[in-house]
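A.B. asks: need a 3D model of the following:
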Amino acid sequence: MKDARYLSPKAQEAIRLRAVRAVLNGQSQTQVAQTFGVARGTISRWLKIYREKGEEALLAKPRGRPKGGKLKGWQAALICNLIRDRCPDQMKLPFALWTREAVGQLIERKFGIKLSVWTVGRYLRRWGFTPQKPLKRAYEQNPKEVKAWLEEEYPRIKQKAREEGAEIYWGDETGIRSDHQAGRSWAPKGETPVVEVSGKRFQFNMISAISNRGKMKFMIFGERFNAEIFIEFLRRLIRSNEKRKIFLIVDNHRVHHAKKVSKWVSRHKEEIEIFFLPKYSPELNPDEYLNQDVKTSAVGRRRSRTKEELMGNVRSYLMSTQRQPEIVKSYFRAPAVRYAM
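C.D. replies: The predicted structure is shown next:
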């Protein structure tokens with residue numbers, strides 16, 4: 001009998017169906033395998049597929065690349081714009097991210113053109129798209145407020161700082177945890193590397209402020225962040241800034257809006273003013289990149305056995321960063337915060 005691998009798809013389909021039916025009618029798998037010229041293990045596999053997925057799973061599948069057609073220029077342009085401006089769920093697609101499968105379904109839904117994931121991938125590369133880790137943005141963010149900040153509010157603050165000889169800083173607070181892990185470790189394939197860490201968890205907090213001139217101020221504290229802590233940081237910031245007035249831009253944390261803080265700032269308005277970013281917009285704060293740098297480099301890639309050791313590592317890293325203004329300036333080169341350069 002001719003080797004079944006060299007038969008047409010339809011002929012192979014017929015053999016699969018007949019072989020399974022023969023076994024179901026009482027013949028042994030060995031007899032059926034000899035009759036149809038295939039291995040006994042192949043018969044077992046076909047039976048398993050039939051029992052799990054039914055007879056349709058044994059039918060022949062179309063070979064080669066799907067013949068779905070090609071996108072015209074205007075169609076490609078429309079798809080590009082939708083990927084840039086919308087998320088898949090906004091297009092009522094069952095995806096959270098723009099994967100090749102999601103883009104393929106979008107194309108099929110819009111134009112009735114079915115493309116393989118490989119073809120979709122080639123289109124995406126040709127259009128200048130690359131797979132990237134997405135930034136997170138809160139649903140509550142108001143795009144109009146963000147636009148007003150970028151086009152009106154921040155330019156106004158910048159002009160005012162120029163007129164008053166003030167220096168602009170961006171500030172933020174973050175928690176430092178001993179169990180933060182970052183980066184990857186090389187290891188033999190299939191053998192996940194194990195990193196020994198302390199079974200005890202400990203943490204503390206950090207507050208910092210950076211300027212686009214490469215200046216950076218910080219304070220590490222073990223207490224909960226509150227108005228007293230924030231005011232103490234403001235005092236230190238004023239003392240360390242060579243008698244220049246400070247414009248400090250922060251997020252909308254409740255402590256920043258506390259009455260005690262507002263009263264203190266009003267009494268020191270000749271030395272410092274505070275401005276607020278749009279709500280739910282951490283991506284507009286360059287100081288977020290310092291936080292991530294510290295967590296990645298000073299915490300995630302070093303093992304600290306005690307809280308004191310961890311605090312020492314973070315303090316040492318921050319002091320080293322202070323002495324390298326170019327590193328601080330680099331935080332402002334991220335696309336979302338280039339407006340602040």
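A.B. asks: and M219, its phi and psi?
C.D. replies: phi -150, psi 130 (degrees, to the nearest 10).
A.B. asks: in contact with it, which residues?
C.D. replies: Taking C-beta atoms under 8 Å, 6 or more residues apart in numbering as the criterion, M219 is in contact with M206, I207, S208, I229, E232, F233, R236. Heads up, the C-betas are built off the backbone N, CA and C, glycines and all.
A.B. asks: of these, grab the buried ones for ChimeraX.
C.D. replies: Buried subset of the contacts of M219, written as a ChimeraX selection, criterion 16 or more other C-beta atoms under 10 Å:
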select :206,207,208,229,233
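A.B. asks: out of the contacts of M219, who's nearest E173?
C.D. replies: Among the contacts of M219, I207 lies closest to E173 (C-beta to C-beta), at 4.6 Å.
A.B. asks: backbone dihedrals for the closest one, please?
C.D. replies: Main-chain torsions, I207, degrees, to the nearest 10: phi -130, psi 140.
A.B. asks: enumerate every residue touching the residue nearest to it when sequence neighbours are not counted.
C.D. replies: Leaving aside its sequence neighbours, I207 sits nearest to E173 (C-beta to C-beta, 6 or more residues apart in numbering; 4.6 Å). E173 sits next to N205, M206, I207, S208, F225, H253 when contact means C-beta under 8 Å, 6+ apart.
A.B. asks: and E173, that one's in a strand?
C.D. replies: Yes: E173 forms part of a strand when assessed by DSSP: H, G, I helix; E, B strand; the rest coil.
A.B. asks: from Y280, how far off is it?
C.D. replies: To Y280, E173 is 16 Å away according to C-beta to C-beta, to the nearest Å.
A.B. asks: ok, L82 next?
C.D. replies: 24 Å.
A.B. asks: K259 too?
C.D. replies: 23 Å.
A.B. asks: please apply the same query to I220.
C.D. replies: Counting by C-beta to C-beta, the gap from I220 to Y280 is 27 Å.
A.B. asks: ditto for I15
C.D. replies: I15 is 61 Å from Y280, by C-beta to C-beta.
A.B. asks: with K217 instead?
C.D. replies: Counting by C-beta to C-beta, the gap from K217 to Y280 is 25 Å.
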